[in-house]
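Q: Here is my input; please provide its structure:
(one chain, ligands or ions: 1)
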Amino acid sequence: MKKYDFNQVIDRKNTFSFKWDNVNYADKDMLPMPVADMDFPIADEILAAIDQITNHKILGYSIVPESLQIAAQQKIKEDYAWDTDLAWQVWIPGIVPGITAACAAFSSPEDGILTAVPVYHPFHLVAGWLGHPLHTFPMIEESGRWTFDFVAFENALKKGPKVFLFCNPHNPGGTVFSAEEIHRIKVLCKQYDCTIISDEIHADLIIDPEVKHTCIQSEISFFATSKAYNTAGLGGAVAIIPDAATRLAFQKKTFGFFPMLSRHSIEVMLATYAMSSDWMDSLLPYLRSNHALLLNRMNQLPGISMLPLEATYLAWIGFDSKLHGDFQKRLFDAGLHVLRGDQFLGGDFVRLNFACPEVQLRKAIEIIEGVVHASH
Ligand SMILES: Cc1ncc(COP(=O)(O)O)c(C=O)c1O
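A: Modelled structure (predicted):
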């Protein structure tokens, strides 16, 4: 078994990285922890797939081969216990455009889109992009984790949204919804005739080894290997849509809008589905260790609180009124870029991506500690 070394710091500057080459950092020595990609090298099998294309020397339009369809089908069955049909698959360049197309197909300016907040920003922004009403209800803290306020959820469903955008596991906050919670969500959405559009991109990034991801098996469910295997940006995801009419309605919103998948994304996804578990077996313990370090240090700070994540590498860190004002900006001025809670409709929080070498995380923690101590 190969063990990957995620302590290795690889310079990502000048690679057109959205994270590292942000124009706002131009003359600054910044530690960036915003957007969700990892500062870790990808698996050898993926590198080999890319090398193979390079050596072949030709690109061009590509088809999604049956081998990729079968690989995705097998993973969904083995890892998420959902037995799906190949005909249910629609391959798309990314989940965000998939969500927009699904909302365009099933919501309308009369009814609108429902989501729990705080949430990954495209989930709430999509309403504005399409000109449809946005309905929200809050995530609440219960028994040391973030979950739905089910009373508020039902009240929001009563307003008649036709689409519920479900982030499963949840970003930010890292909730892995239990089988009971998933059942409750399904029952309520059925009762109020609301289509569930589920995004399961974080399903493999399980931080709490005691919990298990439950796939909601909804009308439209999105899966991708890009987040867990650090190939975000390359494109490639699959929508599983069991009902033929629903599938066609979705596809109609993609025709002419979605590009074909690139050869790179197809070969990389194939390699990802086929690869050994070595990379993931190195990644998860590393992320868990970073998570434990961050959680411990944050919860020792006055005015700062963080709940343990069940999944994702995106910490959701709360700050109290003493640190109010512009905590995110003070961190930024001190050299750490994290995202503002407002971006997720989340208020007095920041979101920090800890998928980085431990030495970088320690530096980020020191910056936060310095800013907090200076604010008291
Ligand atoms: C919940 C969620 N869905 C989708 C994405 C992005 O997916 P894609 O790059 O396939 O559009 C992200 C990226 O952070 C995410 O957190």
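
Q: Can you pull the residues of the stretch 1-150 of the chain lying near the ligand?
A: Within the stretch 1-150 of the chain, the positions near the ligand by C-beta under 6 Å from any ligand atom are Ala36, Gly94, Ile95, Val96, Tyr120. C-beta: built from backbone N, CA, C; applies to glycine.

Q: For those, pick the one with the most neighbours.
A: Tyr120 (25 neighbours; other C-beta atoms under 10 Å).

Q: residue ranges for the helices of this structure, please.
A: For the chain, helices defined by DSSP state H occupy the ranges 44-56, 66-80, 95-106, 122-130, 150-157, 179-191, 244-252, 263-274, 278-298, 327-333, 358-374.

Q: chain center to the fourth one: distance?
A: Spelled out, that is helix 122-130. Chain-centre distance of helix 122-130: 16 Å, with C-alpha atoms, centre = their mean, to the nearest Å.

Q: Begin at 780, not 1, for the rest of this chat.
A: I'll keep to 780 as the first residue from here, and by that count the last item is helix 901-909.

Q: Give me the buried stretch members for it, please.
A: Pro901, Phe902, His903, Leu904, Val905, Ala906, Leu909 (16 or more other C-beta atoms under 10 Å).

Q: Let's have the residues you listed in JSON lines, adding distance to Glu959 and pLDDT.
A: Output for the buried residues of helix 901-909, formatted as JSON lines (distance: C-beta to C-beta, whole Å; pLDDT from 0 to 100):
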{"residue": "Pro901", "distance to Glu959": "28", "pLDDT": "98"}
{"residue": "Phe902", "distance to Glu959": "23", "pLDDT": "98"}
{"residue": "His903", "distance to Glu959": "26", "pLDDT": "98"}
{"residue": "Leu904", "distance to Glu959": "30", "pLDDT": "98"}
{"residue": "Val905", "distance to Glu959": "28", "pLDDT": "98"}
{"residue": "Ala906", "distance to Glu959": "29", "pLDDT": "98"}
{"residue": "Leu909", "distance to Glu959": "33", "pLDDT": "98"}
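
Q: Turn the residues you listed into TSV, columns for distance to Phe1036.
A: Below are these laid out as TSV (distance: C-beta to C-beta, whole Å):
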residue	distance to Phe1036
Pro901	16
Phe902	19
His903	21
Leu904	17
Val905	14
Ala906	18
Leu909	13
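
Q: so where's the longest strand in this structure?
A: Using DSSP state E to define each element, the chain has its longest strand at strand 913-921.

Q: of the residues of the stretch 780-929 of the chain next to the ligand, closest to Leu1027?
A: Checking those against Leu1027 by C-beta to C-beta gives Ile874 as the nearest, at 19.8 Å.

Q: pretty sure the closest one contacts Ile976?
A: No - with contact defined as C-beta atoms under 8 Å, Ile874 does not count as touching Ile976 (10.2 Å).

Q: joint contacts of those two?
A: Phe1001 (C-beta atoms under 8 Å, 6 or more residues apart in numbering).

Q: Do me a favour and get the end-to-end distance for stretch 1085-1105?
A: Its start and end residues considered, stretch 1085-1105 measures 18 Å (C-alpha to C-alpha, to the nearest Å).

Q: buried stuff in that stretch?
A: For stretch 1085-1105, using 16+ other C-beta under 10 Å, the buried residues are 1085-1086, 1088-1098, 1102.

Q: can I get these in a markdown table with distance to Val869 and pLDDT?
A: Below are those laid out as a markdown table (distance: C-beta to C-beta, whole Å; pLDDT from 0 to 100):
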| residue | distance to Val869 | pLDDT |
| --- | --- | --- |
| Met1085 | 37 | 98 |
| Leu1086 | 35 | 98 |
| Leu1088 | 30 | 98 |
| Glu1089 | 29 | 98 |
| Ala1090 | 25 | 98 |
| Thr1091 | 25 | 98 |
| Tyr1092 | 28 | 98 |
| Leu1093 | 27 | 98 |
| Ala1094 | 33 | 98 |
| Trp1095 | 31 | 98 |
| Ile1096 | 36 | 98 |
| Gly1097 | 38 | 97 |
| Phe1098 | 41 | 95 |
| Leu1102 | 45 | 76 |
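
Q: Just those residues: which are in strands?
A: Counting by DSSP E, those place Met1085, Leu1093, Ala1094, Trp1095, Ile1096, Gly1097, Phe1098 in strands.

Q: Farthest-apart pair in the residues you listed, please.
A: Leu1093 and Phe1098, at 16.4 Å, using C-beta to C-beta across these.

Q: For Glu920, name its beta-bridge partners.
A: Beta bridges link Glu920 to Trp925, judged by DSSP bridges.

Q: Quick check: the gap between it and Val896.
A: Distance, Glu920 to Val896, using C-beta to C-beta, to the nearest Å: 14 Å.

Q: what about those two, which has more around it?
A: Set Glu920 next to Val896 and count neighbours by other C-beta under 10 Å: Val896 wins out with 15 against 12.

Q: quick one: contacts for Leu865?
A: Leu865 sits next to Glu845, Gln848, Ile849, Gln852 when contact means C-beta under 8 Å, 6+ apart.

Q: where does the last one land on pLDDT?
A: Same thing as Gln852. With respect to pLDDT, Gln852 scores 98.

Q: That one and Ala866 touch, don't they?
A: No - counting by C-beta under 8 Å, Gln852 sits too far from Ala866 to count as a contact (10.4 Å).

Q: Of these two, which one has the most company?
A: In this view Gln852 and Ala866 are compared by other C-beta under 10 Å, and Gln852 has more residues nearby, 20 against 11.

Q: Would you mind giving the residues of the stretch 780-929 of the chain next to the ligand as TSV with distance to Val802 added?
A: Formatted as TSV, these follow (distance: C-beta to C-beta, whole Å):
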residue	distance to Val802
Ala815	20
Gly873	23
Ile874	26
Val875	22
Tyr899	23
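
Q: Which residue does the stretch 980-1129 of the chain have closest to the ligand?
A: Ile980 (4.4 Å; C-beta to the nearest ligand atom).

Q: Let me see the contact set for that residue.
A: Counted by C-beta under 8 Å, 6+ apart, Ile980 has contacts Ile874, Phe1001, Phe1002, Ala1003, Ser1005, Lys1006, Ala1007, Ala1016.
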